[in-house]
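Enquirer: Below are the sequence and a predicted model; questions follow.
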Amino acid sequence: MALGDGIRRNIMSVSQQERDRFRDAIIALNNKFFPGSRNDFPAGGVSYWFKQDEIHQATHVHGTPAFLPWHRELCNRFEAMLREVDPQLSLHYWDWNQDPTPMFTANFMGNAQGDVGAPWLAAGLYNPNPNPADNYRDNQVHGLQNRSGNTSYELHSNPADPPKTLTRATQAALLDWAQIVRRMLCTQSPTRSKRPKCTVLLSVH
């Protein structure tokens, strides 16, 4: 396995050196900003990391026929951004048949349960003590324009602001392909009332 060969591999199999570089590239994306101010509409001053998060949040197509091509494009763009920081990186995957516990450390992905903590807290991917106090994003899905039609953001929805909390509730799961497809189809539907009754086999928040 050669670093920089452009091949996506199981993240569990790559070297610690490459994991460190992957972590550092994400942190670098959070320190790289689009021009403008958070008071603009659409907001400027948004980090590249949060812009990727905003695109994911605002363009949900889960539970529709467009999911697979949309997700492929999202991943390809994220990989391209990572390579702007470190051209030798690839966006590796996680094999759901493997226990992810070894990845959740203070040097890589943070805690598997509860508050994520290091390395992402110090890197600013969330901020428990925003200043001003209302400058944080909540975990609700917001549109670009609020319901009154004003060109402004709803409270706690400005993409330039980090979330106040970042938590996980991770479970190891052994999935076969039938379970994987079922989870892809059942995780989210357009409204909660129409969501199919499905068993959540793995949850990462």
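Expert: Thanks, I have the structure now.
Enquirer: What helix or strand is the spatially most central residue of the chain located in?
Expert: In the chain, the residue lying closest to the centroid (Cα atoms, centre = their mean) is residue 53, at 5.5 Å. Using DSSP states H and E, residue 53 sits within helix 48-58.
Enquirer: ok, residues contacting that helix?
Expert: Outside helix 48-58, the residues within contact range by Cβ atoms under 8 Å, 6 or more residues apart in numbering are 26, 29-30, 32-34, 46, 74, 77-78, 81, 125, 141-144, 159-160, 162. C-beta coordinates here come from the backbone N, C-alpha and C atoms, glycine included.
Enquirer: same deal with stretch 99-112?
Expert: 11-12, 19-20, 23, 94, 116-121, 166, 168, 170, 172.
Enquirer: returning to that earlier point: so which bits of the helix holding residue 53 are buried?
Expert: In terms of neighbour count (16 or more other Cβ atoms under 10 Å), helix 48-58 has its buried residues at 48-54, 57.
Enquirer: Arrange these in JSON lines, one row each, with distance to residue 86 as further columns.
Expert: What follows is the buried residues of helix 48-58, written out as JSON lines (distance: Cβ to Cβ, whole Å):
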{"residue": "48", "distance to residue 86": "13"}
{"residue": "49", "distance to residue 86": "14"}
{"residue": "50", "distance to residue 86": "19"}
{"residue": "51", "distance to residue 86": "18"}
{"residue": "52", "distance to residue 86": "16"}
{"residue": "53", "distance to residue 86": "20"}
{"residue": "54", "distance to residue 86": "23"}
{"residue": "57", "distance to residue 86": "25"}
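Enquirer: farthest-separated two in those residues?
Expert: For the buried residues of helix 48-58, the farthest-apart pair by Cβ to Cβ is 48 and 57; their separation is 15.1 Å.
Enquirer: Quick check: which ranges of the protein have low pLDDT?
Expert: Applying pLDDT under 70 to the chain picks out residues 1, 142-150, 171-205.
Enquirer: hmm, back to that, roughly how far apart are the residue nearest to the centre of the chain and residue 139?
Expert: Distance, residue 53 to residue 139, by Cβ to Cβ, to the nearest Å: 11 Å.
Enquirer: picking that back up, among the buried residues of helix 48-58, which one sits closest to residue 42?
Expert: For these, the nearest to residue 42 is residue 54 (9.2 Å; Cβ to Cβ).
Enquirer: Which stretches in the protein count as helices?
Expert: Taking DSSP state H as the criterion, the chain carries its helices at 16-30, 48-58, 67-85, 177-186.
Enquirer: now, which of the buried residues of helix 48-58 sits nearest residue 152?
Expert: Of these, the one sitting nearest to residue 152 (Cβ to Cβ) turns out to be residue 54, at 15.7 Å.
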